[in-house]
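> mind looking at a prediction? Sequence and model below.
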Amino acid sequence: MSIQLSGVRVRLGENDVLRNVSLDLDARTGAVIGENGSGKSTFARLLGGLISRTEGTVRVLGLDPGTQARQLRRRTAFLFSNPDAQIVMPTVAEDVAFSLRGSGFGPDELKDRVNTTLNRFGLAALAEHSSHDLSGGQKQLLALSGSFVRCPELVIADEPTAFLDARNARHVADHLFRDTGHRLVLVTHDLTLAQRCDTAVLFADGRIRTVGAPGTVVAEYERMLEC
Ligand SMILES: Nc1ncnc2c1ncn2[C@@H]1O[C@H](COP(=O)(O)OP(=O)(O)O)[C@@H](O)[C@H]1O
Ligand SMILES: [Mg+2]
């Protein structure tokens, strides 16, 4: 997914949360796994330009998230576990349209893009519905709509299915994996989902422990959990 890190350290407060992280990823889909507190979210936020490195170099889609965060944010979408963090407008359609602010589309084009996206994510019938009154699964689909309406080249999703029941989790995952020309970095505790990715990265104690085929990396993680 065009991600290159070399000798990266991230210090937050008193902690070196990531240490000596070097990585070169060019797969379409990559899983990020590891125990709570191992540094997965920090890694995801670093890629998305939401926090900066303390040391080392980072390139995402050829850009430096430290100095080119705005360009990077135009080309990437970030998805969280809690969709409430991303829903800002009162109705479903307005919320998706909000993601296109500043894009320069005229009102007809904007409406078309919003409708196409709502159709794709099965929310067309709820276009005028209050966005805050949706179910948890519908809210995550709305957050996905807001991400995908901008046609991102890279989607960084930090445990996007963590709060969902099995049916909704599968539905959201299917959308994330459907090839629409985007690349995907998926932080997840769902090891079955991790194995749907082309490659996987295992974090342990702020460092990368293994990178490779998801089957191998998941097996290593399971061995680690037995210790
Ligand atoms: N803002 C912060 N200040 C200090 N420590 C932090 C901060 N954010 C995260 N940490 C610490 O960094 C470690 C890794 O956190 P995180 O990246 O959220 O891990 P994960 O997503 O794998 O659970 C944890 O020990 C956490 O307490
Ligand atoms: Mg996390």
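Everything's here; your move. Numbers count the residues shown, from 1 in each chain. Ligands and ions are numbered 1, 2, ... in the order given.
> show me what contacts residue 215?
residue 195 (C-beta atoms under 8 Å, 6 or more residues apart in numbering). In short, each C-beta sits where N, CA and C put it, glycine included.
> give me the three-state assignment for it.
helix (DSSP: H, G, I helix; E, B strand; the rest coil).
> do you know how far it is from residue 198?
Applying C-beta to C-beta, to the nearest Å, the value for residue 215 to residue 198 is 12 Å.
> and residue 184, what's its pLDDT?
For residue 184, the model assigns a pLDDT of 98.
> you'd agree it is in a strand?
Yes: assigned with three-state DSSP, residue 184 falls within a strand.
> isn't it right up against residue 176?
Yes: between residue 184 and residue 176 there is a contact under C-beta atoms under 8 Å: 5.8 Å.
> what sits in contact with each of those two?
In contact with both residue 184 and residue 176: 155, 157, using C-beta under 8 Å, 6+ apart.
> who in the protein is up against ligand 1?
12, 13, 15, 17, 34, 36, 37, 38, 39, 40, 41, 42 (C-beta under 6 Å from any ligand atom).
> at 8 Å instead, please
12-15, 17-18, 34-45, 158-159, 187, 203, 206 (C-beta under 8 Å from any ligand atom).
> quick check on the residues you listed: which are buried?
17-18, 34, 38-45, 158-159, 187, 203, 206 (16 or more other C-beta atoms under 10 Å).
> out of those residues, who's nearest residue 85?
residue 158 (10.3 Å; C-beta to C-beta).
> how about the closest one: which residues does it bridge to?
residue 187 (DSSP bridges).
> my guess is it contacts residue 77, does it?
No: counting by C-beta under 8 Å, residue 158 does not reach residue 77; the two are 11.7 Å apart.
> who touches the closest residue to residue 50 other than its chain neighbours in this structure?
Spatially, and ignoring its direct neighbours in sequence, residue 50 is nearest to residue 78 (7.0 Å; C-beta to C-beta, 6 or more residues apart in numbering). Residues in contact with residue 78, defined by C-beta under 8 Å, 6+ apart, are 44, 48, 50, 147, 155, 156, 157, 158.
> just checking, next helix/strand downstream of the lowest-mean-pLDDT helix or strand in the chain?
None of the helices or strands of the chain scores lower by mean pLDDT, DSSP states H and E than helix 69-75, at a mean of 92. Using DSSP states H and E, the helix or strand that follows helix 69-75 in sequence is strand 76-79.
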